[in-house]
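Peer 1: Sequence and predicted structure are below.
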Amino acid sequence: MSSTLQRPPKKPLVREATVMRAQRVDHVASLLMAGLMVIGLLVLLLFVVWLTQTFTWSAGDIKIEEERVAGRGDHAEGFERDIEPPGAEEVEPLTESSLEETLQSVTDVASNVAASLVSVDTNSDISTIGSGRGDSRPPGPLGEGDSAIPRFERWELKFQSKGIQPYAAQLDFYNIELACIGGGVTTIDYANKLATAPQQRSGSSQAENDLGRLYFMWRQEGPLVQFDRQLLQQAGVNTSGRNVLKFIPKPLEDQLAKVEMEYAQARGHGSVMEIAKTIFESRPVSENNYQFVVIEQRYRSVPK
């Protein structure tokens, strides 16, 4: 009898899966960390709020220079400020003088002529007939002042609008008055409250000069020029054959001067005498709110 050894059948190897479970201490630790982060964030926000209310940072006040613009008044345009001396051919003898007086007169005339032939920055030809040198100051009311270009020559305002009503709302926001002059009418006819109920009033040129308001005129025809005429007509102002003006209130003029100076200083120009041209444009800030911004500025070398 033979015996056979039999091996027990092999059992498949089964690995026990290791299950990782978070312990209660882990839950507590994560909640504490999250709470600390939220509390820290709140403390940081409260600190920023306190900091902004306690301390203020400003760019500094812009000092607007008082512009003293020179003007020659009724004086003739020229290169120097002196009287016009008579030429030698314009001097007529009134009485017959002696030989000694004649020689003395000739000497005096020669001295005067030599004194008048100084080098002058002018393009006029020198002749024996007196030619006045005129007045070197720019056009404007008679007075001394700086060589800055006046605002009425330096500034240009631009408006953008797709309709007459939004355009009128801009004018009302800035308290700008439309007006008509000329056309055989001696008074100045104004129109205000243009977006709601246009109203008309009249005034004299003397009263307007006393106010000293800045005004602008259109350089070329366009849709906005027609809007101005329509708004004036709605207020009952006759615009036929008359010039249309925009009168700027003093607060707006001061605001434009500040915006202009801020723009110039940001580009390294610290004096208004360096500014040759500033072009402003009215832009919407929010509903029914607008502001003028500088879209272009040109400069010049300051005259010595």
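Peer 2: Thanks, I have it.
Peer 1: Can you pull out the low-pLDDT segments for this structure?
Peer 2: Residues of the chain that meet the criterion pLDDT under 70 lie in 1-22, 54-146, 303-304.
Peer 1: how about the strands in it?
Peer 2: Listed in chain order, the strands found in the chain under DSSP state E are 155-158, 177-182, 185-192, 199-203, 214-217, 243-248, 275-286, 289-299.
Peer 1: just so I know, which of the ones you listed lies nearest Pro166?
Peer 2: With C-beta to C-beta, the closest approach to Pro166 among the strands of the chain belongs to strand 275-286: 8.7 Å. (Glycine included, C-beta is placed from N, CA and C.)
Peer 1: The closest one versus strand 289-299: what angle between them?
Peer 2: 160 degrees (axes from the mean of the first three to the mean of the last three C-alpha atoms, to 10 degrees).
Peer 1: Give me the helices and strands touching strand 275-286, please.
Peer 2: Contact here means 3 or more C-beta pairs under 8 Å, 6 or more residues apart in numbering; DSSP states H and E; on that basis strand 275-286 packs against helix 151-154, strand 155-158, helix 250-265, strand 289-299.
Peer 1: so how many other residues sit close to Leu232?
Peer 2: Leu232: 23 surrounding residues under other C-beta atoms under 10 Å.
Peer 1: which one of the strands of the chain has the most crowded surroundings?
Peer 2: Mean neighbours per residue, mean count of other C-beta atoms under 10 Å, is largest over the strands of the chain for strand 177-182, with a mean of 21.
Peer 1: Quick one: residues in contact with that one.
Peer 2: Contact partners of strand 177-182, identified using C-beta atoms under 8 Å, 6 or more residues apart in numbering, comprise 171, 188-192, 194, 205, 215, 228, 231-232, 237-239, 241-247.
Peer 1: in its sheet, what does it sit against?
Peer 2: Strand 177-182 pairs in its sheet with strand 185-192 (antiparallel), strand 243-248 (antiparallel), by DSSP bridges.
Peer 1: okay, the angle between that strand and strand 199-203?
Peer 2: Angle between the axes of strand 177-182 and strand 199-203 is 50 degrees (criterion: the same axes, to 10 degrees).
Peer 1: returning to what we had before: okay if I get the strands of the chain as TSV plus distance to His27?
Peer 2: What follows is these, written out as TSV (distance: least, C-beta to C-beta, whole Å):
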stretch	distance to His27
strand 155-158	66
strand 177-182	74
strand 185-192	72
strand 199-203	75
strand 214-217	74
strand 243-248	70
strand 275-286	50
strand 289-299	54
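Peer 1: between these, which gets nearest to Gly268?
Peer 2: Distances from Gly268 to each of those were compared using C-beta to C-beta; the minimum, 9.4 Å, belongs to strand 289-299.
Peer 1: Using CSV, write down the CA coordinates of the closest one.
Peer 2: Backbone C-alpha positions of strand 289-299 (Å, rounded to 0.1, in the frame of the first residue of the first chain) are rendered in CSV as follows:
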residue,chain,number,x,y,z
ASN,A,289,-22.6,114.2,-13.3
TYR,A,290,-19.8,115.4,-15.5
GLN,A,291,-16.2,116.7,-15.3
PHE,A,292,-13.7,118.4,-17.5
VAL,A,293,-10.5,116.6,-18.2
VAL,A,294,-7.4,117.7,-20.2
ILE,A,295,-7.1,115.7,-23.4
GLU,A,296,-4.2,117.7,-24.9
GLN,A,297,-1.7,120.3,-23.7
ARG,A,298,1.0,122.1,-25.7
TYR,A,299,3.9,124.0,-24.2
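Peer 1: Output the contacting helices and strands for that strand.
Peer 2: In this structure, strand 289-299 packs against helix 164-173, helix 250-265, strand 275-286, with contacts taken as 3+ C-beta pairs under 8 Å, 6+ apart.
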